[in-house]
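Participant: Need a 3D model of the sequence below.
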Amino acid sequence: PIIGGISQIDAYENGKYQMVFNTEDEIHVLDILGYELDHFPIRLANKAINPVAILDYDKNSDFRFVIAAENQRLYNYDIEGKKVKGWSNPKLKSDIKSSVTHFAISGKDYIFALTTSGNINLFNRKGEVRYNVNHAINRNKGKYYIKKDYVIDSSSLVYEDQSGDLYEYKFGDSPKKLFSDSMNKDSLTLNFNKTNSELNYYAVNKKQLKIIDNGGQSYQFSFPYNFKILESSINHTGILNTAIDEIQLIDSKYRLHPTLFRGSKLFDVDNINNDKFKELITVVNQTILVCYQVPVLK
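Facilitator: Okay, here's the model as predicted:
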């Protein structure tokens, strides 16, 4: 079985993409016809326990494939299927289920690994500790987001803890709760849109929705029905009326679109043909794929 999902790379920088994924025993890179690239699959000496991470430090297609093994070490391979020279195979304090990620601040690389016991690891390109994080966090499979600043001390990890509360942990400080219980919330969730790096928070209380943006500005919505929040590829939020399967949209400027779309939780919004209009793609009656053009709000 595949661990995690399937990612894409353009290994030859020619607009023809390959699919990258791993099992417990191998890392695969397949072309669009299903053939392995040269030197793949990589056969792993120790069973993998998390999805392979694809790192491209300088955005020049010099890919690195970083994966954690059952011996709690991180291994690093290049596009030729070889172990990266100089990588130290760092040892973690416990297992890791999510992929490692990479970010850079002031020209310094940080390879971020969060273990199941809440230990935060920040390595350099050699797998050596670049920055020591003093606290472990109380997290259990919740969402998290790395919030970069000008220096690593004031950069932070925003995360959901085991009770569902939101915390921010500045690496040079200690974890602090983001919002107080005075919000009278039924649920409070973290939302991060990878397309435009937009971070916001959803607070739901019965038929009320409050969206809080990264700057602390809040937007209040009230619906005469029970709803489910749907997240899209771009920064649009879908509101699904679960009783009659209709969708309303909240756009990137936090405006509620008056149009009602018949649909379901199988949903996305994107500009699929690169024109001035967005499209809403959804499934109705479990078998019919529908694409709507979303009218532009003035």
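Participant: start to end distance for stretch 230-243?
Facilitator: The first and final residues of stretch 230-243 sit 15 Å from each other (Cα to Cα, to the nearest Å).
Participant: pLDDT of that stretch, averaged?
Facilitator: On average, the pLDDT along stretch 230-243 is 86.
Participant: same deal with stretch 161-174?
Facilitator: When pLDDT is averaged along stretch 161-174, the result is 82.
Participant: Likewise for stretch 137-146?
Facilitator: On average, stretch 137-146 scores 76.
Participant: low-scoring pLDDT stretches of the stretch 51-200 of the chain, where are they?
Facilitator: For the stretch 51-200 of the chain, the stretches flagged by pLDDT under 70 are 139-142, 179-188, 192-197.
Participant: swap the cut-off to 80 and go again
Facilitator: Confidence mapping of the stretch 51-200 of the chain against pLDDT under 80 gives the ranges 139-143, 162-165, 178-200.
Participant: all strands of it, in order?
Facilitator: Assigned by DSSP state E, counting those that start in this stretch, the stretch 51-200 of the chain shows strands spanning 53-55, 64-68, 74-78, 101-105, 108-114, 120-123, 129-131, 144-147, 156-160, 166-170, 175-177, 187-193, 198-205.
Participant: how about the ones you listed in a markdown table, adding distance to Asn285 and mean neighbour count?
Facilitator: Just so you know, the C-beta spots here come from the backbone N, C-alpha and C atoms, and that holds for glycine as well. As requested, the strands of the stretch 51-200 of the chain are exported to a markdown table (distance: least, Cβ to Cβ, whole Å; neighbours: other Cβ atoms under 10 Å):
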| stretch | distance to Asn285 | mean neighbour count |
| --- | --- | --- |
| strand 53-55 | 37 | 19 |
| strand 64-68 | 41 | 23 |
| strand 74-78 | 45 | 22 |
| strand 101-105 | 39 | 15 |
| strand 108-114 | 40 | 20 |
| strand 120-123 | 46 | 22 |
| strand 129-131 | 52 | 15 |
| strand 144-147 | 36 | 18 |
| strand 156-160 | 34 | 21 |
| strand 166-170 | 37 | 19 |
| strand 175-177 | 43 | 13 |
| strand 187-193 | 28 | 16 |
| strand 198-205 | 27 | 17 |
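Participant: Could you provide the ones you listed in a markdown table, with additional columns for distance to Gly15?
Facilitator: What follows is the strands of the stretch 51-200 of the chain, written out as a markdown table (distance: least, Cβ to Cβ, whole Å):
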| stretch | distance to Gly15 |
| --- | --- |
| strand 53-55 | 18 |
| strand 64-68 | 21 |
| strand 74-78 | 22 |
| strand 101-105 | 24 |
| strand 108-114 | 27 |
| strand 120-123 | 32 |
| strand 129-131 | 34 |
| strand 144-147 | 30 |
| strand 156-160 | 35 |
| strand 166-170 | 40 |
| strand 175-177 | 44 |
| strand 187-193 | 25 |
| strand 198-205 | 27 |
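Participant: Show me the one of those strands that comes nearest Asp270.
Facilitator: Among the strands of the stretch 51-200 of the chain, strand 187-193 comes nearest to Asp270, with 11.6 Å by Cβ to Cβ.
Participant: if we can go back for a sec, quick one, which of the strands of the stretch 51-200 of the chain gets closest to Asn214.
Facilitator: Closest among these, using Cβ to Cβ: strand 198-205, at 4.5 Å.
Participant: could you give the angle of the next helix or strand after that closest one to strand 166-170?
Facilitator: Note on strand 198-205: by DSSP states H and E, the next helix or strand toward the C-terminus is strand 208-213. Relative orientation of strand 208-213 versus strand 166-170 (axes from the mean of the first three to the mean of the last three Cα atoms, to 10 degrees): 10 degrees.
Participant: Show me what the following helix or strand past strand 208-213 is packed against.
Facilitator: For strand 208-213, the succeeding helix or strand toward the C-terminus, using DSSP H and E, is strand 218-222. Applying 3 or more Cβ pairs under 8 Å, 6 or more residues apart in numbering; DSSP states H and E, one finds that strand 218-222 contacts strand 208-213.
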